[in-house]
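Student: all I have is the shape, not the residue letters:
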């Protein structure tokens with residue numbers, strides 16, 4: 001017998017009321033920062049729930065006739081007054097870890113939505129009529145001004161990322177520069193910073209990340225700083241996130 005699961009959207013700042021003055025303080029957290037901390041199964045459940053909640057919130061009317069829709073089949077599809085049915089979609093997006101030709105350095109970047117200490121792989125949407133490899137080359141060049149070797153682009157793994165409705169397709173790629181590190185010229189509309197990091201520095205950042213857990217949650221990191229448990233300036237995404245999978249694969253080479 002299958003287990004029925006239900007999802008409920010609550011604002012991130014929703015408090016859990018308790019009449020017990022000795023109870024531990026609790027709060028609801030974003031699945032973006034906390035889902036990677038769950039087991040693989042529960043991570044998938046949390047992301048699926050997030051995808052459906054986001055979809056229901058943004059699809060109240062039919063895209064063909066504009067009439068209000070009703071949700072059917074357990075909330076997994078919509079039907080309008082004209083009888084047209086629609087299901088959730090995912091937008092293909094690429095995420096790529098770019099390394100130099102010798103794989104001694106990785107190019108990691110920080111976007112405005114990330115904390116100042118968090119650097120990650122480059123990512124972007126696939127445009128209409130574009131294949132994944134072309135999207136990798138275009139996004140890297142647009143965001144950091146680096147050309148990648150098309151023959152070096154290798155698919156690694158994928159992950160649903162419902163923020164708001166993406167499916168991330170992960171790649172490794174090498175910069176075209178034969179010697180040294182390619183010059184970085186960031187798109188300031190997309191990124192705050194991008195740098196080449198040595199493998200040892202990324203390894204230490206990954207170790208520190210694993211010690212702290214939900215590093216996308218600023219409160220978690222600030223608490224570690226306040227307790228004197230971390231005084232660094234570089235962290236990478238948590239395990240369970242595709243960007244981290246790409247980083248770990250490179251570190252293990």
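Tutor: Here it is on my side, so go on. Predicted model, so just to flag it, every value in this text is computed and none were measured.
Student: okay, CA-based contacts and neighbour counts for the rest of this
Tutor: Noted.
Student: got the contact list for residue 237?
Tutor: 118, 119, 120, 206, 209, 215, 216, 243, 244 (C-alpha atoms under 8 Å, 6 or more residues apart in numbering).
Student: now do 10 Å
Tutor: 33, 36, 118-121, 205-206, 209-210, 213-216, 243-245, 247 (C-alpha atoms under 10 Å, 6 or more residues apart in numbering).
Student: over to residue 103?
Tutor: By C-alpha under 10 Å, 6+ apart, the neighbours of residue 103 are 173, 174, 175, 198, 199, 250, 251, 253.
Student: and the closest residue to the fourth one other than its chain neighbours, its phi and psi?
Tutor: Looking back up the chat, that one is residue 198. Of all residues not flanking residue 198 in the chain, residue 105 sits nearest, at 4.5 Å (C-alpha to C-alpha, 6 or more residues apart in numbering). For residue 105, the backbone dihedrals (degrees, to the nearest 10) come out as phi -130, psi 150.
Student: count residues in the vicinity of the closest residue to residue 148 other than its chain neighbours, would you?
Tutor: Spatial nearest neighbour of residue 148, chain neighbours left out: residue 175 (4.2 Å); criterion: C-alpha to C-alpha, 6+ apart. Counted by other C-alpha atoms under 10 Å, the residues lying close to residue 175 total 26.
Student: hang on, isn't residue 175 packed against residue 96?
Tutor: No - in this structure, residue 175 is not within contact of residue 96 by C-alpha atoms under 10 Å, at 11.5 Å.
Student: same for the longest helix that the chain contains, what does it pack against?
Tutor: Using DSSP state H, we find that the single longest helix of the chain is helix 40-58. For helix 40-58, the packing partners by 3 or more C-alpha pairs under 10 Å, 6 or more residues apart in numbering; DSSP states H and E come out as helix 31-34, strand 77-80, strand 154-161.
Student: so which bits of it are buried?
Tutor: 43-56 (16 or more other C-alpha atoms under 10 Å).
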